[in-house]
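K.L.:
coords please:
(one chain, ligands or ions: 1)
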Amino acid sequence: MTESAVNWALLRESAIAATQRSYAPYSHVLVGAAGVNDQGELVVGSNVENASYGLTLCAECSLTSDLVRLGGGRLVAISIVAGDHQPIAPCGRCRQVLFEFGGADLLIDQGPGADPITLKDLLPQAFGPADLPARRS
Ligand code: THU
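P.N.:
Below is the predicted model of the structure:
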């Protein structure tokens, strides 16, 4: 799976479908995410809220769990949408979570007719796995 082979329409459809599995009784903000890894496998996630609000899992966290459960691989592209079916910005924590599995070149959908942006645009100068061995004392 190369970046030019990304089926954005499928990712958007899958992300929209995932909003229907959202558990968001508190915010009522439905979020769905769909991504593809370097093996061409589709992974999805939905947000899962909690009565203890701060324990809410974002759709991207749920997607990451799906990715690891499927056997991992590198995330190549992701679409994240809200209940209005429009792209929604990944929160700061999710940018870091996505960096772990997609790195700086992960493509993030900006909707039909717009070019995707890369994670390095959303999370410049990121801290990541490569920093750990370099910084151990
Ligand atoms: N949410 C996500 O699922 N992903 C994001 O990147 C932004 C926020 C969810 C969390 C919560 O359930 C709802 O949106 C409102 O914050």
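K.L.:
just give me how far the helix or strand of the chain with the lowest mean pLDDT sits from the chain centre.
P.N.:
Of all the helices and strands that make up the chain, the one with the lowest confidence by mean pLDDT, DSSP states H and E is helix 131-135; it has a mean of 93. Averaged C-alpha coordinates place helix 131-135 at 25 Å from its chain's average position (CA atoms, centre = their mean, to the nearest Å).
K.L.:
quick check: chain neighbours aside, which residue is closest to the residue nearest the centre of the chain?
P.N.:
The C-alpha lying nearest the average C-alpha coordinate of the chain belongs to residue 60 (CA atoms, centre = their mean; 4.0 Å). On the basis of CB to CB, 6 or more residues apart in numbering, the spatially nearest residue to residue 60 that is not a chain neighbour turns out to be residue 94, at 3.9 Å. Quick note: C-beta positions are derived from backbone N, CA and C, even for glycine.
K.L.:
looks to me like the one you found is in a helix.
P.N.:
Yes: the assignment for residue 94 by DSSP: H, G, I helix; E, B strand; the rest coil puts it in a helix.
K.L.:
so it touches residue 57, yeah?
P.N.:
No: counting by CB atoms under 8 Å, no contact exists between residue 94 and residue 57, whose distance comes to 10.0 Å.
K.L.:
of these two, who's got more company?
P.N.:
For residue 94 against residue 57, the residue with the higher neighbour count under other CB atoms under 10 Å is residue 94, and the figures read 23 against 17.
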